[in-house]
Structures are given as C-alpha cells and as structure tokens.
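Peer 1: need a structure here:
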Amino acid sequence: MSADVILGIDVGGSFAKATAFDLGTGTGVTRGRAVPPQHPAPGHNEREPLAVWFQVADLVHEVVSALPAGARITAVGVTGHGNGLYLVDRKGQPTRPAVMASDTRAADLVAAWIADGVEERLRPVTWNRLWPGQPGPVLAWLARNEPSVVARSAAALMCKDFIRAQLTGRVATERTDASCSGLYDNAAGETSTDVLLALGLEAYGDLVPEVLGSDAVVGEVTPEAAEVTGLPVGTPVVGGLVDNVALHLGSGVLDSRSLCVAAGTWSVNQLLVPDEEMVPAQRLSAAAAPFAACTAATPGAALLIEASATSASTLAWAVDQVTTGLRPQAERSGSDVFELALRRVAARAPQDDDPFFLPFLDGSRDDPQARGAWLGLSSWNDETALLGAVVEGVCLEHRRHVDRLSPRSDALPLRLSGGAARSAAWAQRFADTTRRPVEVSSSQELGAVGVAVIAGVGAGVFGSAAEGAAALDRTWTVFTPDDDAVAHFERRYARYLDYVDRLDLRRG
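Peer 2: A predicted model of the protein is given here:
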C-alpha cells in the first residue's frame, strides 16, 4: 500500500461500510456491518442515530488499524441514504430517533397534498414527487404529533450530514442531498420558501441548514471524533454525496450510455441527462414523469431517478420472517444464509405457474400505502418457490422503473450494485427479466468509491471526478440475457403488471 489513502464512509439504510483506498493501486481495505432499522409501530421505520455513529466509528477504527505503518489519510468523504429525517440540536446531537426514508407514517398527509394539487405545483421546482419518507412530510407529521421534539431541534439533517457532523462538529447539509430532499428549488439552487409554505412548514425554515459543496473541504476531524475513529485530528472532511449520486459516480457512469441500478434497501434506477432535459421531463404528467431527479456529481448534469423501497432487502425479510427454517440450515452447513437461498433459487427451473410476489412491504412507487403479497400459491410450493418469487418480484419491479427511464430502448446496459450484485444468480435474473446486459463490478464498495473520488477532488488529489473514477475503476463482469429465459419472463412480466394494476392492497 502506498503512503496516501482516501477514506470513504457509506451508511445505507441497512448496512454501513468504511473503505480506505490506496491511491497508488486503487485497492482498498474495507470493513462493514449491518445497521438495521427498528419498527416501533406499523409504518414507522427508525434508527438510533448515535448507535449508528458508534458503529461507523468502530468500522473506521478497524480500517485505520488495518493500514500499514506510514499510511496517510489525505481526506474523508461520507455518503449515506437520502431522505428520511435526522433531527439534531445545535451541537449536532439527536433529539429523537432518526426516521428512515422507507417510513410511511406521513402517508395520509401526502395523499391529502396530492389530492389538493400540491405535488403538481411543486414538482417543476423540486424535481421530485411527494412521498412519505421525504424530510418535509416527516417534519410536518412530527410538528403535529411531537411538537416538543421539533421545538428543541435546531437542524433537519439527512444520514450522511449527521455522520459528517459527528466527524467535524459542523451542522450542515450538502447540495446533492438537498437536491433530493423535496424542499429545494433545483433551478435556483436554494431551499424553496414556496415548498415550505405549501407543506405548512414556513415556521420551521430555520431547521433547514446551510448547503455545502460536494467536493468542498467543510471541516476537519475533531479530537472527539479522532478518539473513537482512530483518524488523525485535523484530517480534511469534504461535503460528500447522497448515496444514489455516490453510487452513480462510483459505478463509472459518466454519460447516458448506461443505466445505474442499485438493488439494496431501495430500488434506485438512474439515467444521467444534461440539465436542459430536466424542464421538459418535469412538465410530464405525474404518471409519466420520473419519480424523482437530482443534481449529479458532475457540473451541468442531472439524474433522472426511478425508485421505491422494494429491492434486495425484501429477501432478508422473507428469510427472517417467513422461511425461518433456512437460517438454521445455513448455520449447520456453514453457509451464508442468503447464498444458500440464492443457490436454491438458481437450481430450481422457473415454471409458468410459479407464485408471484409483489415486493411492496413499505409501499410502492405509486402508492405509499400499498402492501406486499404472494399471489398464486399452490400446495406444492415449497420455501424455494416462495424465495424464487421474491427474487423475481424484486427484478420485475426494477424493470417497471427501468422501463420508465428508457422506454424506447432495451439496448442500454445496467450497471448493477447493492446486495443483489453479490450474487451471480441474481445478476443473471436481472438480465433475463429486464432484457438488458447487466454489468457487475469486482468491487462491492461502489458508494464508497464515489465519495472517495469526491474527497480526492476536494483534497486536490484528482483534477476532476472523471479522473478520480478512472483511478479507482474496477473490472466488470457482464451477464447477457438468455433468449429462452427472456421469453419466459416476458410472459411473467405481463401478468405481474396486471396484478399491480388491478389489486388494491392498501389495507394490507
């Protein structure tokens, strides 16, 4: 390992990683662990922010301890899941548990705003549809139900902003997180007073913190943070990136010739476009417009986004809550439970009469109150058939998103990341269900790669994001669609769309 390294921290909705990248070789030292949410009430998905911070600090300490003598950390970058809400006081300490982006407690508020035409008025400004897990709806719900908590809060942050505040002591947000928040005027580059008024949040505008640049050095590691992380006091920390933008950059997708697809807690599907394409895209009807959009890591570009909380973490739910016999089997055989599940799914030939699964455990793209279901179950279906339906359902729901982003072309390949990318069987299923080549990196830390690139730009190590992405590039494995499997899943997809369109699952 060379003397200089960059540290990238990636805190997702269910997993956190820290990676130190060797600037000489592009290789990295990584540590990671689960940081799952809790569910204190139906539709309420939360985490204890300080518990997450101490997990992250411990991971960073492990990475720093694993570096060879003489290694110098030149900069730190942080990425984290977008949206949700981390309320903090003036010192950056939490005033209540963090609300996750998959939370649906504000669904009734959102439905009322949409019925009143608020979404249609705001979308050209924010580039985002209204949905319950955004900071605005969550804050509006808390103002009604927990006013004393809101009253003692000084700032409304998102995940990576909270972690960066613990590192530096500076309470602020950053432009890509702000761009995704639904509170930001993306054309003007500032928090929108019109949005605050429309959501009844005009009295809480002072909770929206200053917006920092992504590659700007915004602070240094404090003595308190150094003690728990092992990082040297004074190490530069940059503004960072929201996770979907970090993934896009870390995947090396710097133009419109590939789609960036993340299959983790959320299904996040993205297409890079020039800024000038954003206005016509937002003038489309709500049904035709992208679910969301945000500024990209590179100047003059934006990301069209199709997303929902319907992706690979659904398999973890199925393993832990439904097919509960699988984990003991994995422990007895010394196997990873998810590898075991996916091996069994891959070994079973798909059938036309297999059950379907709608992966709407935390709502769908179109209805935050939608609920998941297995459909078409038969007495001969075993746990492998149930798990196969989950894997297929996640892929088919990704396809719904991908087809909206690229409706006229099946040729654009998918660059796949997230939990599903760790399985060759699942990656092949993505290729067969979407009818597109799927490219998977040799690295599992693409979010950390993206934010390390930005940290390197801020520290002057890289002259541009493109240069940094090339320096930390990985090899890619390509999965091509199988003609027979494509024909099978085309038939299945038509039936899946019919189920989604016809069934009203909002009442569970």
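Peer 1: okay, CA-based contacts and neighbour counts for the rest of this
Peer 2: Noted.
Peer 1: you'd agree T104 is up against A41?
Peer 2: No - counting by C-alpha atoms under 8 Å, T104 sits too far from A41 to count as a contact (10.5 Å).
Peer 1: those two: who's more crowded?
Peer 2: Ranked by neighbour count (other C-alpha atoms under 10 Å), T104 and A41 place T104 first, with 24 against 9.
Peer 1: ok so that one is a helix residue?
Peer 2: No - following the definition DSSP: H, G, I helix; E, B strand; the rest coil, T104 is coil and is not counted among the residues of a helix.
Peer 1: so what's G182 up against?
Peer 2: Taking C-alpha atoms under 8 Å, 6 or more residues apart in numbering, we find G182 in contact with T126, W127, N128, R129, L130, Q134, P135, G136.
Peer 1: now it: phi and psi?
Peer 2: phi 80, psi 0 (degrees, to the nearest 10).
Peer 1: can you check the pLDDT for it?
Peer 2: The model reports G182 with a pLDDT of 94.
Peer 1: shouldn't V11 be in contact with K17?
Peer 2: Yes - under the criterion of C-alpha under 8 Å, V11 lies in contact with K17, with a separation of 6.4 Å.
Peer 1: where do the contact lists of those two overlap?
Peer 2: In terms of C-alpha under 8 Å, 6+ apart, V11 and K17 are both contacted by the residues V56.
Peer 1: against V233, how distant is S417?
Peer 2: S417 sits 33 Å away from V233, going by C-alpha to C-alpha, to the nearest Å.
Peer 1: same deal with P40?
Peer 2: From P40 to V233 the distance is 38 Å (C-alpha to C-alpha).
Peer 1: the two: which has the busier surroundings?
Peer 2: A direct count of neighbours by other C-alpha under 10 Å for P40 and V233 places V233 higher, at 16 against 10.
Peer 1: a helix runs through the more buried one, doesn't it?
Peer 2: No - using three-state DSSP, the assignment for V233 is coil, not a helix.
Peer 1: which residues touch it?
Peer 2: E220, V221, T222, P223, A225, A226.
Peer 1: count the residues that sit near the second one.
Peer 2: This points to V221. So V221, with other C-alpha under 10 Å, has 24 neighbours.
Peer 1: go on, the fourth one?
Peer 2: Other residues near P223 come to 16 when the count uses other C-alpha under 10 Å.
Peer 1: could you find the closest non-adjacent residue to it?
Peer 2: Taking C-alpha to C-alpha, 6 or more residues apart in numbering as the measure, P223 lies nearest to V233, with 5.5 Å between them; neighbours along the chain are not counted.
Peer 1: for E306, which residues are in contact?
Peer 2: The neighbours of E306, taking C-alpha under 8 Å, 6+ apart as the test, are S267, V268, N269, Q270, P290, F291, A292, H401, V402, R404, L405.
Peer 1: which of the residues you listed fall within strands?
Peer 2: By the criterion of DSSP state E, membership of the contacts of E306 in strands covers S267, V268, N269, Q270, A292.
Peer 1: now the buried members of these.
Peer 2: Applying 16 or more other C-alpha atoms under 10 Å to these, the neighbour count classes S267, V268, N269, Q270, A292 as buried.
Peer 1: what is the burial count for the nearest residue to the third one once chain neighbours are set aside?
Peer 2: The shortest distance from N269 to any residue other than its chain neighbours is 4.5 Å, reached at V261 (C-alpha to C-alpha, 6+ apart). V261 is flanked by 30 other residues according to other C-alpha under 10 Å.
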